[in-house]
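Enquirer: Have a look; sequence and predicted model below, questions after that.
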Amino acid sequence: MAPSDNKLHSKSDTQKTSKRTERVFCTTFSGRDVTISDYPLPEDSKQEPFPLPSEPIEHQEPVQKHPKSYKRLQTKLNSLDITPFLDLMLSVAHERDPSKIIERASTGYKGTHVTMGAFWLRPTQKMADIVTPHPSAESMLKLVAFSGVNDRSPSDWTHALGTYDLVPVTEPIFDSCRKGIPSIGSSPEDWSRPSWAIDEGYYAYSSFPVMYNDEFLGILSTFYDRPMVGPFAQLHSMHQKMHKIFADTVARALVNAVAFEEIQKLRGELELENELLRRAVQEKRLDDNLIGDSDTLVHVMEQIEVVSPTDASVLLLGESGTGKELLAGAIHNRSPRNQNAFVRVNCSAIPHELFESEFFGHVKGSFTGAIRDRVGRFQMADGGTLFLDEVGEIPLELQGKLLRVLQEGTFEPVGDERSRKVNVRIIAATNKDLTKEVAAGRFRQDLYFRLSVFPINVPPLRERRNDIPLLARHFISLAAERMKITPPRLKPHHVEKLQAYDWPGNVRELQNVVERAVIMSHSGSMEFYIQDNSHATPPQEMNVHAYSSAQSPAQPPAAPPRPQDIITEAEWSAMQRENIVQALEATNWRVQGNGGAAELLGIKPTTLRSRMQKLKIEKQ
């Protein structure tokens with residue numbers, strides 16, 4: 001080559017070139033422009049931004065008018081940086097949310113020549129999280145994403161049966177994709193352009209099947225604003241290879257994401273079952289066999305028999321300790337929902353800032369400390385019964401959301417925009433007068449009406465004194481079985497003493513008194529020591545041998561203890577063992593530290609561990 005020919009890269013030639021350079025065409029992947037060719041245009045092509053070669057004439061050698069320009073075009077194509085494209089594929093492959101995969105799949109359709117890109121999916125049940133299932137999913141495609149240089153949407157395009165929002169897979173630009181073969185039209189001569197393509201100015205297209213293991217999932221299509229032939233043929237060929245790889249990546253990512261969601265759903269159901277089982281074991285609730293035969297209890301049971309077969313909301317009204325939770329369980333067990341969950345919520349024990357999360361659940365990252373998704377109580381009770389104890393303690397700001405769930409059966413977990421639908425029966429309980437709470441503005445009137453469809457007044461224990469002997473015998477049997485001792489005898493003078501007391505704490509107080517008597521029983525004898533708590537005075541310090549509330553705890557016994565009042569070593573060990581077990585259960589078997597069992601018992605952790613070993617106390 002002559003020396004003069006080597007001046008192409010000289011400084012003067014470079015300056016001249018920089019003044020005459022125009023962007024001829026570009027494309028994009030991952031939403032970023034990548035220039036394919038920027039080069040100087042010849043003087044004689046001012047009217048033609050990019051000179052196309054003339055058709056070769058038969059018996060005439062093809063002539064390349066601008067070999068230097070084509071050589072530089074070839075160089076640019078060969079040195080194209082595809083890193084953004086690889087980044088996009090990597091981000092799609094790592095995504096676990098199907099909707100975000102669709103969103104990212106639409107980011108590669110911006111550029112000068114690729115003027116429109118669209119993504120259609122088969123509306124099958126498998127893709128229900130992305131697109132609403134359609135009866136004709138085998139033969140139809142649903143538009144799920146698109147991106148272009150203008151505001152036009154494929155939903156504006158029409159075919160014989162409607163618009164391209166829902167289009168038959170037999171459309172000419174899709175037809176071969178069902179067999180896994182891309183459909184390509186490089187110029188208007190290669191495809192019969194429909195009217196919408198002419199109106200939009202589309203001269204070429206490429207459609208790629210989105211398939212996984214021979215399963216046809218959908219189609220990715222790109223449309224061009226010029227024929228992709230001649231000097232653009234190599235660019236089009238490169239696009240085809242890259243878009244085919246991209247379609248395969250999207251297919252794998254979608255299938256993996258759908259499978260991942262199914263696994264998460266099954267995991268949530270398993271956690272729900274484990275949670276229900278754990279609560280059932282921990283609470284050790286009584287059976288549905290309610291104890292008592294008084295007229296007031298019989299009347300309550302008649303009401304329960306009437307309302308149980310329905311789905312009506314029930315409001316249990318009564319003092320604390322009257323057994324409202326047990327009655328709620330009886331309603332559930334007698335209802336058609338008895339094979340599903342019975343979930344309890346103590347509204348007074350939930351911090352106000354956690355009410356919404358407790359009821360409706362939350363998703364990971366929705367707030368500080370939300371390290372994983374959590375199922376709410378409404379979702380746990382789906383298909384079953386939700387028992388809201390102390391419903392009057394629900395914050396006023398949350399009562400509106402609770403009302404919406406009761407009316408519509410839908411809610412959104414904290415941090416999630418998707419609504420969940422549940423079918424839950426509500427049984428509420430309270431020891432407050434909700435009509436006064438409504439009048440004071442602390443409880444919504446519409447929520448009160450929704451909860452009190454069928455109110456039931458639960459009688460206090462002082463109104464069913466005939467049930468006290470039955471309840472006392474039942475609690476004696478339970479306590480003796482737990483402590484592995486022979487149940488003490490309930491004598492007539494015991495019954496008289498128990499029936500003479502008004503029991504402001506109701507059945508709960510009776511159970512505590514009976515259990516204390518069983519713990520202190522020896523040689524089969526038992527005595528009940530009742531402290532009157534009706535005025536809510538602070539509990540007095542009690543001496544082991546003086547439990548009468550009329551006697552000062554610091555006062556020594558009036559007479560020496562009787563022989564039958566002496567506790568044997570075996571009985572004392574049983575009492576000590578029971579006391580330690582209760583302390584461990586109260587602290588979830590945490591021996592030391594703040595709030596540990598050793599702190600509750602007032603002894604050193606080493607002493608507690610020694611006694612546990614001696615008494616053979618182990619966590620079950």
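Expert: Good, I have the coordinates.
Enquirer: Give me the neighbour count for His159.
Expert: If you count neighbours by other Cβ atoms under 10 Å, His159 ends up with 15. Heads up, the C-betas are built off the backbone N, CA and C, glycines and all.
Enquirer: how about the strands in the stretch 151-300 of the chain?
Expert: Secondary structure of the stretch 151-300 of the chain (DSSP state E, counting those that start in this stretch): strands at 158-159, 162-163, 166-168, 183-185, 204-212, 215-224.
Enquirer: Could you dump these into a markdown table and include mean pLDDT?
Expert: Converted to a markdown table, those look like this (pLDDT from 0 to 100):
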| stretch | mean pLDDT |
| --- | --- |
| strand 158-159 | 88 |
| strand 162-163 | 88 |
| strand 166-168 | 89 |
| strand 183-185 | 90 |
| strand 204-212 | 89 |
| strand 215-224 | 88 |
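Enquirer: where in the stretch 401-550 of the chain is pLDDT low?
Expert: The stretch 401-550 of the chain contains residues with pLDDT under 70 at 522-524, 532-550.
Enquirer: which residues in it form helices?
Expert: Under the criterion DSSP state H, counting those that start in this stretch, the stretch 401-550 of the chain contains helices at 434-439, 445-451, 468-483, 492-500, 506-520.
Enquirer: how far away is the residue lying closest to Gly415 once chain neighbours are set aside from Val345?
Expert: Nearest non-adjacent residue to Gly415, counting by Cβ to Cβ, 6 or more residues apart in numbering: Ser366, 2.4 Å away. To Val345, Ser366 is 20 Å away according to Cβ to Cβ, to the nearest Å.
Enquirer: Between the two, which is the more surrounded one?
Expert: Val345 (23 against 16).
Enquirer: So that one belongs to a strand, correct?
Expert: Yes - assessed with DSSP: H, G, I helix; E, B strand; the rest coil, Val345 lies in a strand.
Enquirer: what's it in contact with, if anything?
Expert: By Cβ atoms under 8 Å, 6 or more residues apart in numbering, the contact list for Val345 reads Glu358, Phe359, Arg377, Leu386, Phe387, Leu388, Asp389.
Enquirer: same question, Asn150
Expert: Contacts of Asn150 (Cβ under 8 Å, 6+ apart): Thr115.
Enquirer: Give me the below-cutoff pLDDT ranges for the protein.
Expert: Ranges of the chain meeting pLDDT under 70: 1-85, 89, 105-112, 273, 275-289, 365, 370-371, 522-524, 532-567, 620.
Enquirer: Next, format the helices of the stretch 401-550 of the chain as JSON lines and append distance to Arg611 and mean neighbour count.
Expert: Below are these laid out as JSON lines (distance: least, Cβ to Cβ, whole Å; neighbours: other Cβ atoms under 10 Å):
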{"stretch": "helix 434-439", "distance to Arg611": "48", "mean neighbour count": "15"}
{"stretch": "helix 445-451", "distance to Arg611": "48", "mean neighbour count": "17"}
{"stretch": "helix 468-483", "distance to Arg611": "17", "mean neighbour count": "17"}
{"stretch": "helix 492-500", "distance to Arg611": "32", "mean neighbour count": "14"}
{"stretch": "helix 506-520", "distance to Arg611": "17", "mean neighbour count": "20"}
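Enquirer: And those helices: which comes nearest Ser186?
Expert: The minimum distance between Ser186 and the helices of the stretch 401-550 of the chain falls on helix 445-451, with 65.0 Å, by Cβ to Cβ.
Enquirer: Include distance to Val581 when you put the strands of the stretch 151-300 of the chain into JSON lines, please.
Expert: What follows is the strands of the stretch 151-300 of the chain, written out as JSON lines (distance: least, Cβ to Cβ, whole Å):
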{"stretch": "strand 158-159", "distance to Val581": "75"}
{"stretch": "strand 162-163", "distance to Val581": "71"}
{"stretch": "strand 166-168", "distance to Val581": "66"}
{"stretch": "strand 183-185", "distance to Val581": "74"}
{"stretch": "strand 204-212", "distance to Val581": "57"}
{"stretch": "strand 215-224", "distance to Val581": "58"}
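Enquirer: and of those, who's closest to Asp416?
Expert: strand 215-224 (25.8 Å).
Enquirer: which secondary structure elements does that closest one contact?
Expert: Applying 3 or more Cβ pairs under 8 Å, 6 or more residues apart in numbering; DSSP states H and E, one finds that strand 215-224 makes contact with strand 114-121, strand 140-148, strand 204-212, helix 233-283.
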